[in-house]
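*Asks:* Okay, sequence plus prediction incoming.
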Amino acid sequence: MKQRGVALITAVVLVAIATVLATRVGTDAAIDLHRTAGIAALNQGWEVALGAEAWAAQILNEDIRDTQVDDLAENWARPVPPLPIDGGSIEGVVEDMQGRFNLNNLLKADGTADEVNIARFRRLLRLAGVDERWAGALADWLDADTVDTFPDGAEDGVYIGQSPPYRTANGPVTTTAELLALPGFTLEDYALLRPHVAALPVGSSINVCTATPLVLAALVEGATDFGDAEALARNRRDGCFPRLEDLRATLGQEQYNALQDAVSEKTNYFRLAAIVSIGTSQLTLYSLLERNNAGGVRTIVRSIGTE
């Protein structure tokens, strides 16, 4: 009788273990299946996003054949609404990155400080509601030396004291998010400034046809005529505004002469944001595209999920 009781208990335990194992196997299989499906969806999304990148390059190539002016009334500037694809949808937008202030323009091509652009960046910071001191801090982050050259600047001695410690870039930024590496520069500061800045090769001009109102206002001290966002948007529905001649008329010849090397009506750098949704998976591809004067387009940087 006692042996039968032990046998019964053993059988119950074995059944319980078998049930747990079966449940675990079933759960693992479901997880593996879900993971495999997710990977397959992301792989498909990646290929679709690269297709969108090729499409953007073609549109930009065709655009330069038609006109030497880049403005927000052109085909490339029109957002693409969600379009159906196998199992999901894709949408996207191409943005003129020379409508923003290039952070790398704080230094000249030879690595020395560009005081004119540093002053413009200070004005942009002020107009955006961010402390102007970050202009000096960023200039020191970019320059190749290890000396606190600029007011409010900092070099390795400050950054090594952070937790965790790190060093200055001592070179061009590759993403605007590097601003967050400056000690004390907050996410709130970044949110205010991000729509108005870009990380492009040194020496890129600002396209006045697409520049944000704050970027236009920051070009010259006191230049507020184009700072009304709604009025600017209305004037841009049919083409470039302000034209270079509009700037000359507003600023006067002397101020315009000091500015003209920094502005243009054409663009070499664009960014594609392609959003692909397949099932429950979503992939966002950001592609920085460079278009040369002959219309050739190449991808400079790709990133997934973050600008």
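*Replies:* Now that the structure is in, tell me what you want to look at.

*Asks:* distance between the ends of stretch 167-183?
*Replies:* For stretch 167-183, the first-to-last residue distance is 12 Å (C-alpha to C-alpha, to the nearest Å).

*Asks:* Wait, a helix at Thr248?
*Replies:* Small correction: residue 248 is Arg, not Thr. Yes: under the criterion used here (DSSP: H, G, I helix; E, B strand; the rest coil), Arg248 sits inside a helix.

*Asks:* Would you agree it is in contact with Leu259?
*Replies:* No: when contacts are counted by C-beta atoms under 8 Å, Arg248 is not listed as touching Leu259 (9.1 Å). Using the backbone N, CA and C atoms, a C-beta is placed for each residue, glycine as well.

*Asks:* Please say which of those two ends up with more neighbours.
*Replies:* Neighbour count, other C-beta atoms under 10 Å: between Arg248 and Leu259, Leu259 has more, with 20 against 16.

*Asks:* so which helix or strand takes in the more buried one?
*Replies:* Using DSSP states H and E, Leu259 sits in helix 253-259.

*Asks:* Helix, strand, or coil at Gln98?
*Replies:* Assignment for Gln98 (three-state DSSP): helix.

*Asks:* quick one, phi/psi of Gln282?
*Replies:* Backbone torsions for Gln282, taken as degrees, to the nearest 10, come to phi -140, psi 140.

*Asks:* Quick check: it touching Ile275?
*Replies:* Yes: the pair Gln282 / Ile275 is scored as a contact, 6.8 Å apart, by C-beta under 8 Å.

*Asks:* From the neighbour counts alone, determine which of those two ranks first.
*Replies:* Ile275 (18 against 15).

*Asks:* what about the more buried one, distance to Leu60?
*Replies:* 19 Å (C-beta to C-beta, to the nearest Å).

*Asks:* now Asp131
*Replies:* As judged by C-beta to C-beta, Asp131 and Leu60 stand 37 Å apart.

*Asks:* for the helix holding Leu259, the distance to its chain's centre please.
*Replies:* On the basis of C-alpha atoms, centre = their mean, to the nearest Å, helix 253-259 sits 31 Å off its chain's mean C-alpha point.

*Asks:* quick one: buried residues of it?
*Replies:* Gln255, Tyr256, Leu259 (16 or more other C-beta atoms under 10 Å).

*Asks:* Packing partners of that helix?
*Replies:* If you count contacts as 3 or more C-beta pairs under 8 Å, 6 or more residues apart in numbering; DSSP states H and E, helix 253-259 packs onto helix 244-251.

*Asks:* and Pro82, what does it touch?
*Replies:* Applying C-beta atoms under 8 Å, 6 or more residues apart in numbering to Pro82 gives the contacts Ser89, Ile90, Glu91, Ser277.

*Asks:* Could I get the full set of helices for the stretch 201-307 of the chain?
*Replies:* 213-218, 229-235, 244-251, 253-259 (DSSP state H, counting those that start in this stretch).

*Asks:* any idea which of these is most buried?
*Replies:* helix 213-218 (a mean of 22; mean count of other C-beta atoms under 10 Å).

*Asks:* Mind listing residues that contact that helix?
*Replies:* 99-101, 120-121, 123-124, 127-128, 196, 206, 208, 223-224, 226-229, 232, 242.

*Asks:* Can you report how many residues neighbour Gly129?
*Replies:* Per other C-beta under 10 Å, the neighbour tally for Gly129 reads 11.

*Asks:* What helix or strand is the nearest residue to it once chain neighbours are set aside located in?
*Replies:* In this structure, Gly129 finds its nearest non-sequential neighbour in Leu192, 5.3 Å apart by C-beta to C-beta, 6 or more residues apart in numbering. Remark: Leu192 resides in helix 187-193, with elements defined by DSSP H and E.

*Asks:* Show the secondary-structure elements that that helix is packed against.
*Replies:* Contact analysis of helix 187-193 by 3+ C-beta pairs under 8 Å, 6+ apart lists helix 115-128 as its packing neighbours.

*Asks:* what angle separates the very next helix or strand once past the helix it packs on from helix 115-128?
*Replies:* Proceeding N to C from helix 115-128, the next assigned helix or strand is helix 134-142, under DSSP H and E. Between helix 134-142 and helix 115-128, the angle comes out at 130 degrees (axes from the mean of the first three to the mean of the last three C-alpha atoms, to 10 degrees).

*Asks:* For helix 134-142, buried residues please.
*Replies:* In helix 134-142, counting by 16+ other C-beta under 10 Å, buried: Trp134, Ala135, Gly136, Ala137, Leu138, Ala139, Asp140, Trp141, Leu142.

*Asks:* roughly how far out does it sit from the chain middle?
*Replies:* How far helix 134-142 lies from its chain's middle: 19 Å, per C-alpha atoms, centre = their mean.
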